Structure formats: C-alpha cells, structure tokens
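S.K.: Show me how the following folds:
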Amino acid sequence: MAVYRALDFLMEHGLVHRLASLNAFVGCALASERHTAHFLICRACKSATEMDGAAVTRAVKKTLSEHGFVPETEIIEIQGLCSHCHKENA
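M.R.: Alright, predicted model coming up:
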C-alpha cells in the first residue's frame, strides 16, 4: 500500500504521470509547471516521450469550455512508432 500512496503523492505534485495504455508511471519532464501531459508512445519498443503541446492544450481547453466540461485529469497518449522503430520497420 505504501507504494500506491507514494505514487499518488508524486502524481498530485506533478512529478509523475500515469500512462493508462502501458499501465505504467513515468517521470514528468516538465515538473516545474502545471500542464496537460502529451505522450508519444511507441507500440514496438514501448518508449514514452513527453512533448510540449501548447497548441493541443489550447484546442482541448477550447473544446472543453464549449461543452461546459470540467476535466479532473488531462493526459493525451498518442501511439505509433518512434523514429528508431519506424526506420527498422521500413
């Protein structure tokens, strides 16, 4: 149970993100600022890269506002092939 409390603490403070598709936790690359997490997840090697997606965040917030929806958590996971795996499969 202590591990789950520790992970909850780290998530609450923006130090880690939970990747639902991988059932995993990853350290936050932008921990010093509140942000919507955007991840590029390679379906071949399972690497996860956090990206800065300011334009995506603005579009999502606009849509949320238009629908009167109040999010509790925000994380965007985009799956595909990383450049390394894409080159190997080309």
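S.K.: Tell me where this structure has strands.
M.R.: 16-19, 24-27, 37-42, 48-51, 75-80 (DSSP state E).
S.K.: correct me, but Asn89 touches Leu81?
M.R.: Yes. Asn89 is within contact range of Leu81, at 6.6 Å (criterion: CB atoms under 8 Å). For glycine as for every other residue, the C-beta is placed from the backbone atoms N, C-alpha and C.
S.K.: anything in contact with each of the two?
M.R.: In terms of CB atoms under 8 Å, 6 or more residues apart in numbering, Asn89 and Leu81 are both contacted by the residues Ala44.
S.K.: Who has more neighbours out of the two?
M.R.: Leu81 (17 against 8; other CB atoms under 10 Å).
S.K.: For the more buried one, grab phi and psi.
M.R.: phi -120, psi 130 (degrees, to the nearest 10).
S.K.: and Asn89, how far is that from Ile78?
M.R.: Distance of Asn89 to Ile78, given as CB to CB, to the nearest Å: 18 Å.
S.K.: Same check on Val3?
M.R.: From Val3 to Ile78 the distance is 28 Å (CB to CB).
S.K.: ok, now Leu7?
M.R.: 23 Å.
S.K.: Tell me where the model's unsure across the protein.
M.R.: 90 (pLDDT under 70).
S.K.: which helix of the protein spans the most residues?
M.R.: What stands out as the longest helix in the chain, according to DSSP state H, is helix 54-67.
S.K.: now the angle from it to strand 37-42?
M.R.: Comparing the axes of helix 54-67 and strand 37-42 via axes from the mean of the first three to the mean of the last three CA atoms, to 10 degrees yields an angle of 120 degrees.
S.K.: Alpha carbons of helix 54-67, in CSV - could you do that?
M.R.: The C-alpha coordinates for helix 54-67 follow below in CSV (Å, rounded to 0.1, in the frame of the first residue of the first chain):
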residue,chain,number,x,y,z
ALA,A,54,0.8,24.1,-26.1
ALA,A,55,-1.4,24.3,-29.3
VAL,A,56,-3.0,20.9,-28.5
THR,A,57,-3.7,22.1,-24.9
ARG,A,58,-5.4,25.3,-26.2
ALA,A,59,-7.6,23.3,-28.6
VAL,A,60,-8.6,20.8,-25.9
LYS,A,61,-9.4,23.6,-23.4
LYS,A,62,-11.5,25.5,-26.0
THR,A,63,-13.5,22.3,-26.7
LEU,A,64,-13.9,21.6,-23.0
SER,A,65,-15.2,25.1,-22.5
GLU,A,66,-17.6,24.8,-25.4
HIS,A,67,-19.1,21.7,-23.9
